[in-house]
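# A structural model of the following input is requested.
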Amino acid sequence: MQALLHAIIVSLWFYVLLQLIAKNGLFSACGLSAFDLKASFILKCAVGVGLWLIYTYYYPFRGKGDTFRYFDDAMVIYGELWKNPGTYFKFLFGYGLDDPALIPVFDRMNNWTSAATYGLPNDTQTVIRLNMLIALLSGGVYWVHLLFFNVLSLTGLVGVYALFSENFGKSRKLWWAIVLLPSALFWGSGLLKEAPFLAAFGWYVWALSKSSERKPVLILTTVFLLVLKPYIFVAMLPATVAWVIVQRYHWNAWITSAAVSVVSFFIALKASIIYPAGDLLYILSKKQEDFYNTAVNAGSTVYIDPVGVGAWEFIKTIPNRMLYTYGRPYLWESKTLLYIPPAVENIVLIVAIACALTAVYRRNETIRSPLMVFIVTFSVALAVIIGSTVPVLGALVRYKLPAVLLLYSWSVGVILMTKAERVKQN
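Model prediction:
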């Protein structure tokens, strides 16, 4: 009887959300058809079910699978709503959590507390709180949460598409290229941090492209990025500052970005003066150590360059860190079938970038260079962070998703635009 009731609840929410997606004026303003939006949502939900199957039967350790652990902790707190509402709201708003009466609740959760965050917000708690809010509508039914998470990630993909369609023209092919990017499709379709992150990230980069006109969206998405994946916002900060300066003063994008990045790097080296958690190299070194300690039994742990303490020695390792971030896993490292899609994606990404750069060079393209410079600057900064801290290939493919999404979307946009212009000329 309970299974039937859950099926009815999920079906009703599926229908309601499908209609909201199809009739959303913001989505249609981007030039996306109701059919493409519905098909994308249905596809993502199907992939989300597949991800659930993998974490249920292939990796049968429920307490360690991200697709369950945020949900399970949220359900512990949600259950308190009907016994002690004050407990639910304490966890929701983060006050009074030192109350000894909450110890039994903490004991039933596995993921509320995490390793050292080095002064950054605890993004795990943010995702748990999001599940707590959705539980008010779902009644604690897992599959309803999956639907809402897919709405969030789909919204973010629309934001990414809106950015690149403004630069390269509206194209159904561009939309489906974004949706079908394997890493975005797989990791953005489950109860993972990536789903709400994509929602904030997609509209952040869209708002940033015209920062003076879209300030409210930019401010709102900045807040969400800080509480969802703060390390990505840190990686974007130099690129963001440079792009805003270029928009306001019309300076050369490459020179401005290089100058801002260099200044940011040397400020980060001395961050311990005002930042209690430490300077850049210390934090990266400690995070690498933490990752190795928590990944003792991970089957995909690999060696990465140690961070060290010297700035010049660290700078010399940046190419290796970039190669590791965007080149691994290699195709011959595919120990299981799950390694093959990200390995193939790496090859496709490199080929797409090469084709796009060739097209840009031949056309002497300069109009869209600020966007390209932003993507390059962000991608390098993210590679420095990931290539210094993440020695696990299974985690690597998730952490680099935002940069891969932008690099791939830009490359496809350039290729499609160039092809369309050739057709017109002929």
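# from here on, contacts and neighbour counts on C-alpha atoms
OK.
# Tabulate the CA atom coordinates of the helix or strand of the chain with the lowest mean pLDDT in CSV.
Here the helix or strand of the chain ranked lowest by mean pLDDT, DSSP states H and E is helix 25-29, holding a mean of 79. What follows is helix 25-29, C-alpha atoms only, in CSV (Å, rounded to 0.1, in the frame of the first residue of the first chain):
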residue,chain,number,x,y,z
GLY,A,25,8.5,31.8,-19.9
LEU,A,26,12.2,32.2,-19.0
PHE,A,27,13.0,28.9,-20.7
SER,A,28,11.0,29.7,-23.8
ALA,A,29,12.7,33.2,-24.0
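# which secondary structure elements does it contact?
Using 3 or more CA pairs under 8 Å, 6 or more residues apart in numbering; DSSP states H and E, no helix or strand is in contact with helix 25-29.
# Show me what counts as buried in it.
Under the neighbour-count criterion of 16 or more other CA atoms under 10 Å, helix 25-29 has F27 buried.
# Who are the packing partners of the next helix or strand after that helix?
Helices and strands here follow DSSP states H and E; after helix 25-29, the next one along the chain is helix 34-53. Judged by 3+ CA pairs under 8 Å, 6+ apart, helix 34-53 is in contact with helix 2-22, helix 142-168, helix 182-187.
# tell me the mean pLDDT over the shortest one?
Yep, that's helix 182-187 we're talking about. The average of the pLDDT scores along helix 182-187 is 95.
# what's that helix in contact with?
In this structure, residues lying in contact with helix 182-187 by CA atoms under 8 Å, 6 or more residues apart in numbering are 44, 47-48, 51, 178-179, 194-195, 341-342, 345, 397-398, 401, 405.
# rerun that using 10 Å as the cut-off
Helix 182-187 is contacted by residues 40, 43-45, 47-48, 50-51, 67, 150, 153-154, 157, 178-180, 188-189, 193-195, 198, 341-342, 344-345, 397-398, 400-402, 404-405 when judged by CA atoms under 10 Å, 6 or more residues apart in numbering.
# that older thread, now tell me what touches the least confident helix or strand of the chain from outside.
I21, A22, L32, S33, A34, L37, T155, V158, G159, A162.
# Any idea which of those residues the model trusts least?
A22 (88).
# Now for it, how many residues are close by?
As a burial measure, A22 scores 19 neighbours (other CA atoms under 10 Å).
# Can I take it that N110 is in a strand?
No: per DSSP: H, G, I helix; E, B strand; the rest coil, N110 lies outside any strand segment and is coil.
# Surely it touches R69?
Yes: using CA atoms under 10 Å, N110 makes contact with R69 at a distance of 7.4 Å.
# With neighbour numbers in mind, choose between those two.
R69 (21 against 14).
# List phi and psi for that one.
phi -70, psi -30 (degrees, to the nearest 10).
# From L393, how far off is it?
Counting by CA to CA, to the nearest Å, the gap from R69 to L393 is 21 Å.
# In the chain, what residue spans correspond to strands?
Secondary structure of the chain (DSSP state E): no strands located.
# Sketch out the low-pLDDT regions of the protein for me.
60-65, 115-120, 295-299, 362-368, 426 (pLDDT under 70).
# Show me how it divides into domains.
1-228, 229-426 (automatic domain parsing).
# Just give me how far the longest one sits from the chain centre.
If you compare the mean C-alpha spot of domain 1-228 with that of the full chain, they lie 11 Å apart, counting by CA atoms, centre = their mean, to the nearest Å.
# before we move on, what about the shortest one?
Distance of domain 229-426 from the chain centroid (CA atoms, centre = their mean) equals 13 Å.
# if we can go back for a sec, ok, and which of the helices and strands packed on helix 34-53 has the densest surroundings?
helix 142-168 (a mean of 24; mean count of other CA atoms under 10 Å).
# Could you figure out how far that helix is turned away from helix 34-53?
Relative orientation of helix 142-168 versus helix 34-53 (axes from the mean of the first three to the mean of the last three CA atoms, to 10 degrees): 130 degrees.
# for the stretch 301-426 of the chain, what spans make up the helices?
Secondary structure of the stretch 301-426 of the chain (DSSP state H, counting those that start in this stretch): helices located at 311-316, 318-327, 340-363, 369-389, 393-399, 401-425.
# Just tell me which of the ones you listed ends up closest to H250.
With CA to CA, the closest approach to H250 among the helices of the stretch 301-426 of the chain belongs to helix 369-389: 9.7 Å.
# and the angle for that closest one with helix 318-327?
100 degrees.
# Alpha carbons only: can I get helix 369-389 in CSV?
The C-alpha trace of helix 369-389 is given here as CSV (Å, rounded to 0.1, in the frame of the first residue of the first chain):
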residue,chain,number,x,y,z
SER,A,369,37.5,37.1,-26.5
PRO,A,370,36.4,38.2,-23.0
LEU,A,371,34.2,35.1,-22.7
MET,A,372,37.0,32.9,-23.9
VAL,A,373,39.5,34.5,-21.6
PHE,A,374,37.1,34.0,-18.6
ILE,A,375,36.8,30.4,-19.4
VAL,A,376,40.5,29.8,-19.9
THR,A,377,41.4,31.7,-16.7
PHE,A,378,38.8,29.8,-14.6
SER,A,379,39.8,26.5,-16.1
VAL,A,380,43.5,27.0,-15.2
ALA,A,381,42.7,28.2,-11.7
LEU,A,382,40.4,25.2,-11.1
ALA,A,383,43.0,22.8,-12.5
VAL,A,384,45.5,24.3,-10.0
ILE,A,385,43.2,23.5,-7.1
ILE,A,386,42.0,20.1,-8.3
GLY,A,387,45.4,19.0,-9.5
SER,A,388,46.9,19.8,-6.1
THR,A,389,44.2,18.2,-3.9
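# can you tell me which residues contact K270?
By CA under 10 Å, 6+ apart, the neighbours of K270 are G278, D279, L280, L281.
# ok, now which ones touch the last one?
Under the criterion of CA under 10 Å, 6+ apart, the contact partners of L281 comprise A268, L269, K270, A271, K287, V307, G308, V309, G310, A311, F314, S388.
# Any of those buried? List them.
A268, L269, A271, K287, V307, F314, S388.
# List just the nearest of the residues you listed to R248.
A268 (25.0 Å).
# which stretch among the helices and strands packed on helix 34-53 comes nearest V205?
Per CA to CA, nearest to V205 of the helices and strands packed on helix 34-53: helix 142-168, 7.1 Å.
# now the angle between helix 401-425 and the closest one, please.
Going by the same axes, to 10 degrees, helix 142-168 makes 50 degrees with helix 401-425.
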